[in-house]
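Visitor: how would this look folded up:
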Amino acid sequence: MKISRVSIDVLEVPVENAYVAAGRAVAANWHVAARITTSDGIEGFGYIVKTGEQLMRAIAQAARELGDTLIGMNVLETEAAWQKMAAAGKWVGPGGLLHWAMAPLDIAMWDAAGKTLDQPLYRLLGGYRDHIPAYASDWLWYSLSNDQLAESAQSHAKNGYKAIKLRLGKELSPKEQADRARIAGNAAGAGVAVMVDGTESWDLPYARAAGRALQDAGVTWLEDPVNHADVAGLASLAAEFDIPVTGGENLYTLTQFQHTLQARAVDVAILDLFRVGGITPWRKIASLTESYRVPISGHVAPEFHVHLLAAAPNGQIVEYMPRSMAILQNMPEPVDGVLTAPDGPGHGLALDEAAYERCRVE
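Guide: All right, here's what the predicted structure looks like:
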């Protein structure tokens, strides 16, 4: 059960259809992947994913150095390993690049721990259930035309989703934002909830006007209407609207989540597995949000988040945005809008080794 080897790779995983997000063309999903091998031959793997190449090699180098500190540790001692890495990199943390570098290693350790104990991850984390409702998040960008948006919304509905999430920028008026939400809702049909993400691109006056218009249009979720640092602004919107104001994917630490929750700034907290630094801190933040009676969701990475959200009593819904399908043999997919965790040990995922090698750039 002792860690005998740690390897780190950088992968460029092409997307099937290039798209524009936040004004930037996306042709590939970049990964930093960690593979941890134990003295008894068990391998666990984990990775982070970003749509851009910037700083991924720097994160990989930081992960290599942190990985060296794990050699000889018991793979079941995930908390001790996380704290050791945090201490080694504390001068550049907490948060930021340090957490991005720790996350793939922490995920890989939990995977190896599950394989060592022959238990799936959701059960190691408490086993509250093995599934979670999912919403469609892919191909609903604000760069799409109204016709393209309607076509995508209709396709997601036909695939069984009960909820879809649109990205909304700041280029349109609040009325035009609401019109796009109506177009998507009409195309998806009755019984499909329309959620929206402001991508932190609005100021407070615009967010207040857009939120009212979107609420009147029947939207059921308003994500990141203003910058996450404007906790007072978020709290004022959460108090004003009947629909939930959601956010948190840009937060890194337990303390940041505590401040946001104390201010009642979000009705649903969104946790980003990579930003918080992996599974070990994720579960602490989930417990914190439960103490405030706030439900949680996860930001992308559904293949990992399905385990975490299923295990959490306050897990509400998972964002289905699969960015790593091309390097996996068995990416879990929703059935009738529900995502079920793989029942194999660890996270239950298997790498497509040939695809992995094709995509590896370092």
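
Visitor: So which elements touch the longest strand along the chain?
Guide: Across the chain, the longest stretch assigned as strand under DSSP state E is strand 3-21. In terms of contacts (3 or more Cβ pairs under 8 Å, 6 or more residues apart in numbering; DSSP states H and E), strand 3-21 is packed against strand 24-38, helix 56-68, helix 96-117, helix 353-359. From N, CA and C alone the C-beta is placed, and that goes for glycine too.

Visitor: Any buried residues in that strand, and which?
Guide: Buried positions in strand 3-21, judged by neighbour count with 16 or more other Cβ atoms under 10 Å: 3, 6, 8-13, 19.

Visitor: And for stretch 47-60?
Guide: Judged by neighbour count (16+ other Cβ under 10 Å), stretch 47-60 contains these buried residues: 47-51, 56, 59-60.

Visitor: Alpha carbons only: can I get it in CSV?
Guide: Taking C-alpha atoms only, stretch 47-60 is exported to CSV below (Å, rounded to 0.1, in the frame of the first residue of the first chain):
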residue,chain,number,x,y,z
TYR,A,47,-6.4,14.6,-13.8
ILE,A,48,-7.4,18.2,-14.1
VAL,A,49,-8.9,19.7,-17.2
LYS,A,50,-8.9,23.2,-18.8
THR,A,51,-9.9,24.5,-22.2
GLY,A,52,-6.7,26.4,-22.6
GLU,A,53,-3.0,25.4,-22.7
GLN,A,54,-1.8,28.4,-20.6
LEU,A,55,0.2,27.4,-17.5
MET,A,56,-0.7,23.7,-17.8
ARG,A,57,3.0,22.8,-18.1
ALA,A,58,3.7,24.9,-15.0
ILE,A,59,1.0,23.0,-13.1
ALA,A,60,2.5,19.7,-14.3
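
Visitor: Touching it from outside, list them.
Guide: With contact meaning Cβ atoms under 8 Å, 6 or more residues apart in numbering, stretch 47-60 is reached by 8-12, 21, 24, 26, 28-34, 97, 100-101, 103-104, 107, 274, 300-301, 323-324, 362.

Visitor: Give me the mean pLDDT for that stretch.
Guide: Stretch 47-60 shows an average pLDDT of 96 in the prediction.

Visitor: hang on, the earlier thing: ok, of the contacts of stretch 47-60, which come out buried?
Guide: For these, buried by 16+ other Cβ under 10 Å: 8-12, 26, 28-34, 100-101, 103-104, 107, 274, 300-301, 323-324.

Visitor: what helix or strand is Pro205 on?
Guide: Per DSSP states H and E, Pro205 falls inside helix 204-216.

Visitor: and the next element down the chain from that helix?
Guide: Downstream of helix 204-216, the first helix or strand assigned by DSSP H and E is strand 222-223.

Visitor: Break this structure down into its structural domains.
Guide: By the record's domain assignment, the chain is partitioned as 3-118+353-359, 123-340 (automatic domain parsing).

Visitor: Now that Ala301 has come up, it's in contact with Arg275, right?
Guide: No: contact criterion Cβ atoms under 8 Å: Ala301 and Arg275 do not qualify, at 10.9 Å.

Visitor: where in the stretch 1-150 of the chain is pLDDT low?
Guide: Counting by pLDDT under 70, the stretch 1-150 of the chain contains low-confidence residues at 18-23.

Visitor: Quick check: mean pLDDT of stretch 178-186?
Guide: For stretch 178-186, mean pLDDT rounds to 96.

Visitor: List of residues touching it?
Guide: Against stretch 178-186 from outside (Cβ under 8 Å, 6+ apart): 140, 142, 146, 149-150, 153, 164, 166, 168, 172, 192, 194, 196, 210, 213-214, 216-219.

Visitor: swap the cut-off to 6 Å and go again
Guide: For stretch 178-186, the external contacting residues (Cβ atoms under 6 Å, 6 or more residues apart in numbering) are 146, 149-150, 153, 166, 194, 213-214, 217, 219.

Visitor: next one: stretch 326-340
Guide: 13, 130-134, 160-162, 303, 306, 318, 320, 322, 325, 342, 349-350, 352, 355-356.

Visitor: Distance of the residue most central in space within the chain relative to His305?
Guide: Using Cα atoms, centre = their mean, the residue of the chain that lies closest to the mean C-alpha position is His299, 2.4 Å off. According to Cβ to Cβ, to the nearest Å, His299 and His305 sit 8 Å apart.

Visitor: pLDDT of the helix holding Pro205, averaged?
Guide: 97.

Visitor: in that helix, what counts as buried?
Guide: 204, 206-208, 210-211, 213-215.

Visitor: Check the gap between the residue nearest to the centre of the chain and Leu308 for me.
Guide: As judged by Cβ to Cβ, His299 and Leu308 stand 11 Å apart.

Visitor: which of the contacts of stretch 178-186 are buried?
Guide: Neighbour-count burial within the contacts of stretch 178-186 applies to 149-150, 153, 166, 194, 213-214, 217, 219; the criterion is 16+ other Cβ under 10 Å.

Visitor: As JSON lines, the residues you listed with distance to Ala112 would be great.
Guide: JSON lines is the format used below for the buried ones among the contacts of stretch 178-186 (distance: Cβ to Cβ, whole Å):
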{"residue": "Leu149", "distance to Ala112": "42"}
{"residue": "Ala150", "distance to Ala112": "45"}
{"residue": "Ala153", "distance to Ala112": "40"}
{"residue": "Leu166", "distance to Ala112": "38"}
{"residue": "Val194", "distance to Ala112": "40"}
{"residue": "Ala213", "distance to Ala112": "49"}
{"residue": "Leu214", "distance to Ala112": "44"}
{"residue": "Ala217", "distance to Ala112": "47"}
{"residue": "Val219", "distance to Ala112": "42"}
